[in-house]
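sequence plus predicted model, see below.
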Amino acid sequence: MSTDVYSRYLQPHSETEAFAAISDDLSAKGFAIMENFITNEWVAELREEQQQQRGFREAGIGRNHLHRLDSLTRSDQILWLDNNTAMSAQRQYLNVLEELRLTINRDLQLGLYEVETLAALYRPGSFYKRHLDSFRRANRRTLTTILYLNDRWHPNDGGMLPALSYDRSSRPVY
C-alpha cells in the first residue's frame, strides 16, 4: 500500500510504528489493542460500504462439515470479505491486514499463511457467547483482529468484547 494511502487512512503514526507496536505487544502480552488505529474518515467509509453490502447471512459455529446454526451461541450476521467481493475501502483495509500479517510473520515468526476477513453485523440484542477462535489440532486461526465500525458507541450501549488473558484464565484483559 502506498504511503499516501497510509497518511490518508491511518492515524498520525507511521505504518512501521503502528505495526511494530502491535508486534511488540503480541510478543510481550499475547494481545495488542490499538485504539484509533485508522481515521474516523476511513471508519465511516467502511461502515457505509458495509451497509451497502449484500449477502449477509446468519452466522454459525464450527467449520466445514461441523458448521451449523446455533441461535443460543450467536445471533449476528456475517459476510466474508476478500479482494473479489470487497468494495474500495474494504480492499484497502484488506491490504493493511495483509501488510500487518507479513510484518508479524517477520517479527514473530508465526507462520500466518493468509488473512480471513469477515464483516459482522450485530443488531440490537444480537450476541456471540464466549468462545475459542481456534481449537487444539486446528490452529489455523493464530491471530484475530477486530475493527469496530460503530458510530457514537458508548460503553453503556453494551456489546464490549471481554478478551481473555493469554493463559486463558478468566481475567479479562480489556
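Nice, I can see it. Model, not experiment: these values are computed from the prediction. Numbering: from 1, shown residues only.

check what pLDDT residue 141 gets.
For residue 141, the pLDDT comes out at 54.

next: residue 66.
The per-residue pLDDT reported for residue 66 equals 84.

that one: how many residues sit nearby?
Residues near residue 66, counting by other Cβ atoms under 10 Å, number 9. Where C-beta positions appear, they are placed from N, C-alpha and C, glycine not excepted.

and if you look at the one 5 residues further on?
The number of residues packed around residue 71, counting by other Cβ under 10 Å, is 10.

what's the next secondary structure element after the helix or strand harbouring residue 24?
Following DSSP states H and E, one finds residue 24 within helix 15-29. Later in the chain than helix 15-29, the nearest helix or strand by DSSP H and E is helix 40-52.

by contact count, what packs against the following helix or strand past that next one?
Using DSSP H and E, the helix or strand that follows helix 40-52 in sequence is strand 57-58. On a contact count with 3 or more Cβ pairs under 8 Å, 6 or more residues apart in numbering; DSSP states H and E, strand 57-58 meets strand 77-81.

so what touches the longest helix along the chain?
What stands out as the longest helix in the chain, according to DSSP state H, is helix 88-108. Contacts to helix 88-108, defined as Cβ atoms under 8 Å, 6 or more residues apart in numbering, come from residues 1, 5, 9-10, 15, 19-20, 22-23, 26-27, 38, 42, 45-46, 49-50, 81-83, 86, 110-112, 114-115, 117, 119, 143, 145, 147.

looking at it now, give me its mean pLDDT.
Average pLDDT, helix 88-108: 93.

check which residues of the helix holding residue 24 are buried.
Neighbour counts using 16 or more other Cβ atoms under 10 Å place 15, 18, 19, 22, 23, 26 of helix 15-29 among the buried residues.

among the residues you listed, which one has the lowest pLDDT?
residue 15 (72).

ok now the longest helix of the chain, how far from the chain's centre?
Offset of helix 88-108 from its chain centre (Cα atoms, centre = their mean, to the nearest Å): 11 Å.

cool, and stretch 73-84?
For stretch 73-84, the distance to the chain centre is 11 Å (Cα atoms, centre = their mean).
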